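S.K.: give me a model of this one.
(chains A and B)
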Amino acid sequence: MPTVKSLEDLKKIREEALKKREIKSAPGSVQIVVGMGTPGIAAGARETLKEILNFIEEKSLTNITVRQTGNIGRDSWEPIVQVVIGDEPAVTYGKVTPAAARQIMEQHVVGGKVVNDYVIPA
Amino acid sequence: MKFSRSMVLVSNDPDSVRLGAQEVYRRFGEKLLELGLNEEVSLAQITDIGRHDALPLVIIYPEATAYGPVSVKDVDRIVEEHLYKGRIAEELLAPVKELSGRIGWLKTRKGASPMEKKIVTRRVGRIDPESIEDYIAEEGYQALAKALGMERTEIHATLEKAGLQGRGGAGFPTGMKWRFVAGTKSPKKYVVCNADESEPGTFKDRIILEGDPHSIIEAMTIAAYCVGADEGYIYVRGEYQLAQRRLEKAILQAREFGLLGKNILGSNFSFDLHVHSGAGAYVCGEETALLESIEGKRGEPRARPPYPTTHGLWGKPTLINNVETLANVPPIILNGAEWYRSFGTPSSPGTKCYTILGNVNFRGLIEVPMGITLREIINIYGQGMRNGAPFKMAQTGGSSGSIIPASLQDTPMDFESFRKAGVSLGSGALLICDENNCVLDLAITLMKFFQFESCGKCTPCRVGTERALRMLTAISRGEGKLEDLDTLSAIAQEMEYASNCGLGQTAGVPIRDTLKYFRAEVEAHIRLGVCPAGVCEMTPEAEKV
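M.R.: Residues are numbered from 1 along each chain as shown, chains lettered A, B, ... in the order given. The predicted structure follows:
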């Protein structure tokens, strides 16, 4: 683990972290972000996350990063899942039950077609 | 992040829809796309615009220009003139009415636009809260590095110039508080973060702690450097276990990276942090009770003065700030006071997080510039009242805020305007009630809360809340007398004047506001024996079967 001794060290860590992020958003790679704040978890985000991971394992998909994040403030819509494919704009889905997660994975992540039924209206 | 320079609101109430508002809204979308303005202009619908002539009405911010009545064929001209060339299309303006409070909101705005602006929650939902690298990638710890290169006096001077006010509810100037603590002479000082967010309905701090825990660590380290402290405590509400876990993890990571502990960033400044869990008492959100609780004593408020700035934790000078206040610090240090002052109103710069609850279509958290009005929050962010029922009142700031009647919904929400209007902003919870709610019922619920949570140390609060609750309950059962209202006012006033701490001092506010704005409704319970909203039972306890 690097110890930050000066501003230069901090900058170096920052650049490395940004580079890692670039790899994640390279064309062809998929990022799936699940909102895991208290409201998300209460609404069942854990089951949704589990379903997503199961799906990835079942279909042996690669190049997918699944990560968690905090609550984005749209509590009425939890559990919230964000899908980013390559450098396309992020698509935010709301009320993603495990069944909905499966549908999103099949149609959007694999098929490349946004599932409009679950997209949160802006 | 998407940046909008203008915001277009199209009225969407039933009358407007009948007159073609949907087509106008659709045309705006098309035209903005056609001119390539869709990225920089945001478009929204608003259900209640406060006037019923000149519909459909279109309002464009930040100029707060009202156009109306607007038909589909006018849209092109408005977009081309106003949004593309930046000139107001004079001939389409709505007739100016005498501003009778209802539409006064356009004029009272003082320059703040109702667009969402994220400062303290800018990273929440974008980063993995359990990864310090994610945080560093998003400008994390840059403010700390900058602050360590600044003079200590320069830091609190920057905050004072930025006009940052405490976001816990009272609105005390943060820079001034830092200056007081920095000015004390003591070898040992503490920095404490008040994360005992127990106001009912408030959850802004939780969202920051769970979504961006490192920002609090960074801000507290800056604070410690500024005031000369070497130890800090984060007092987290006991129920926030996820927040506690994430904070503890974040602290471990920061220590590993050398961003906490000895000689931070190669300087000779050292600082370390502890997480302290609350045990569920509301009163421990009061700063002196919180200190008692950290010291391991019973959570009861201390007599003030002396204030914590000179005699705080274990008798040492202590700086106590709310989570949201602290989260504002790193961006201010990084971007400067001028930048911060460009948001909000001149008297209350910056943004405020609000948690919206109650009878609205959308419930959740928003962060908007200070000075937005309640009407805008309900209609733009709350997406209108649920089932179209009229708005009756809002309760701000958990239990110790004010009850705001519909007549005050056009007051800009900032510390000064609210103070002038005689209400308080509180912690930022907005409980929106429609006309099916009884104000007496709300007051009873709040009073039950205070009566339960009163720590019992001082008499006005301990006895006052109990008596007030009994009296209010009696009125709701149809057993009230008119004299009770005078007694209630007296109790409310005595609690406010004579109580030891903020709990008792604000316990009377619901009674005061109820009697000030809704006296007729309460009197109907007593004189006519009916609850106008049909909520209260109105049957005496003895006659119940």
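S.K.: what lies in contact with stretch A:45-55?
M.R.: A:32, A:34-36, A:61, A:66, A:68, A:78-81, A:96-98, A:100-102, A:105-106 (C-beta atoms under 8 Å, 6 or more residues apart in numbering or on different chains). Glycine gets a C-beta too; all of them are placed from N, C-alpha and C.
S.K.: redo that, cut-off 10 Å
M.R.: The list of residues contacting stretch A:45-55 from outside it, by C-beta atoms under 10 Å, 6 or more residues apart in numbering or on different chains, reads A:32, A:34-41, A:44, A:61, A:64, A:66-68, A:71, A:78-81, A:83, A:93, A:95-102, A:104-106, A:109-110.
S.K.: where in chain A is pLDDT low?
M.R.: Low-confidence segments of chain A (pLDDT under 70): A:1-2, A:25, A:122.
S.K.: which residue ranges of it form strands?
M.R.: Using DSSP state E, the strands of chain A run over residues A:30-35, A:64-69, A:81-85, A:91-93.
S.K.: mind checking which of the ones you listed is nearest chain B?
M.R.: strand A:64-69 (5.1 Å; C-beta to the nearest C-beta).
S.K.: what angle separates the closest one from strand A:30-35?
M.R.: Angle, strand A:64-69 to strand A:30-35, by axes from the mean of the first three to the mean of the last three C-alpha atoms, to 10 degrees: 20 degrees.
S.K.: pick out the residue nearest the middle of the chain.
M.R.: All of this is about chain A. Centroid-nearest residue in chain A, with C-alpha atoms, centre = their mean: A:Val33, separated by 1.6 Å.
S.K.: wait, chain B was what I had in mind.
M.R.: In chain B, the residue lying closest to the centroid (C-alpha atoms, centre = their mean) is B:Gly428, at 2.1 Å.
S.K.: how about that one, nearest residue that isn't a chain neighbour?
M.R.: Excluding its sequence neighbours, the residue lying closest to B:Gly428 (C-beta to C-beta, 6 or more residues apart in numbering or on different chains) is B:Tyr354, at 4.9 Å.
S.K.: how about the contacts made by that neighbour?
M.R.: B:Tyr354 neighbours (C-beta under 10 Å, 6+ apart): A:73, B:202, B:204, B:364-368, B:372, B:374, B:377, B:381-382, B:396-397, B:413, B:425, B:427-430.
S.K.: at 7 Å what do you get?
M.R.: By C-beta atoms under 7 Å, 6 or more residues apart in numbering or on different chains, the contact set of B:Tyr354 is B:Ile366, B:Val368, B:Ile377, B:Gly428, B:Leu430.
S.K.: name the element the last one belongs to?
M.R.: In this case it means B:Leu430. strand B:429-434 (DSSP states H and E).
S.K.: other SSEs contacting that strand?
M.R.: Helices and strands touching strand B:429-434, by 3 or more C-beta pairs under 7 Å, 6 or more residues apart in numbering or on different chains; DSSP states H and E, are strand B:351-358, strand B:391-396.
S.K.: can I get these in JSON lines with mean pLDDT?
M.R.: What follows is the helices and strands packed on strand B:429-434, written out as JSON lines (pLDDT from 0 to 100):
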{"stretch": "strand B:351-358", "mean pLDDT": "92"}
{"stretch": "strand B:391-396", "mean pLDDT": "91"}
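S.K.: mind giving me JSON lines with those strands and columns for distance to B:Met471?
M.R.: Shown next, in JSON lines, are those (distance: least, C-beta to C-beta, whole Å):
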{"stretch": "strand B:351-358", "distance to B:Met471": "26"}
{"stretch": "strand B:391-396", "distance to B:Met471": "20"}
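S.K.: any idea which of those strands gets closest to A:Leu18?
M.R.: strand B:351-358 (26.2 Å; C-beta to C-beta).
S.K.: restricting to C-alpha, output the closest one in CSV.
M.R.: Extracted C-alpha coordinates of strand B:351-358, given in CSV (Å, rounded to 0.1, in the frame of the first residue of the first chain):
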residue,chain,number,x,y,z
THR,B,351,-26.6,24.6,-1.6
LYS,B,352,-28.8,22.7,0.8
CYS,B,353,-29.9,19.1,0.8
TYR,B,354,-33.5,18.5,1.3
THR,B,355,-35.3,15.2,1.9
ILE,B,356,-38.7,15.3,0.5
LEU,B,357,-41.4,13.2,2.1
GLY,B,358,-45.2,13.0,2.4
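S.K.: tell me how far it is from the chain's mean position?
M.R.: Centroid separation for strand B:351-358 versus its chain: 6 Å, with C-alpha atoms, centre = their mean, to the nearest Å.
S.K.: what residues does chain A have near chain B?
M.R.: By C-beta under 7 Å from any C-beta of the partner chain, the part of chain A that sits against chain B consists of A:1-7, A:10, A:13-14, A:17-18, A:21, A:35, A:37-38, A:67-76.
S.K.: make JSON lines out of the contacts of B:Tyr354 and add distance to B:Ala66 and pLDDT.
M.R.: Output for the contacts of B:Tyr354, formatted as JSON lines (distance: C-beta to C-beta, whole Å; pLDDT from 0 to 100):
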{"residue": "B:Ile366", "distance to B:Ala66": "23", "pLDDT": "90"}
{"residue": "B:Val368", "distance to B:Ala66": "20", "pLDDT": "89"}
{"residue": "B:Ile377", "distance to B:Ala66": "19", "pLDDT": "88"}
{"residue": "B:Gly428", "distance to B:Ala66": "28", "pLDDT": "85"}
{"residue": "B:Leu430", "distance to B:Ala66": "25", "pLDDT": "92"}
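S.K.: tell me the one among these nearest to chain A.
M.R.: B:Ile366 (6.2 Å).
S.K.: just the angle for the helix ranked longest in chain A relative to strand A:64-69, thanks.
M.R.: Ranked by residue count under DSSP state H, the longest helix found in chain A is helix A:7-24. Helix A:7-24 runs at 130 degrees relative to strand A:64-69, counting by the same axes, to 10 degrees.
S.K.: only alpha carbons, please: show helix A:7-24 as PDB.
M.R.: The C-alpha coordinates for helix A:7-24 follow below in PDB (Å, rounded to 0.1, in the frame of the first residue of the first chain):
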ATOM      1  CA  LEU A   7       1.300  16.200  -3.100                       C
ATOM      2  CA  GLU A   8       3.200  14.400  -5.800                       C
ATOM      3  CA  ASP A   9       2.400  11.000  -4.300                       C
ATOM      4  CA  LEU A  10      -1.300  12.000  -4.200                       C
ATOM      5  CA  LYS A  11      -1.200  13.000  -7.800                       C
ATOM      6  CA  LYS A  12       0.400   9.700  -8.800                       C
ATOM      7  CA  ILE A  13      -2.300   7.700  -7.000                       C
ATOM      8  CA  ARG A  14      -4.900   9.900  -8.700                       C
ATOM      9  CA  GLU A  15      -3.500   9.300 -12.100                       C
ATOM     10  CA  GLU A  16      -3.300   5.500 -11.500                       C
ATOM     11  CA  ALA A  17      -6.900   5.500 -10.300                       C
ATOM     12  CA  LEU A  18      -8.000   7.400 -13.400                       C
ATOM     13  CA  LYS A  19      -6.100   5.100 -15.600                       C
ATOM     14  CA  LYS A  20      -7.900   2.100 -14.000                       C
ATOM     15  CA  ARG A  21     -11.100   3.800 -14.700                       C
ATOM     16  CA  GLU A  22     -10.300   4.400 -18.300                       C
ATOM     17  CA  ILE A  23      -9.700   0.700 -18.800                       C
ATOM     18  CA  LYS A  24     -13.100   0.000 -17.200                       C
END
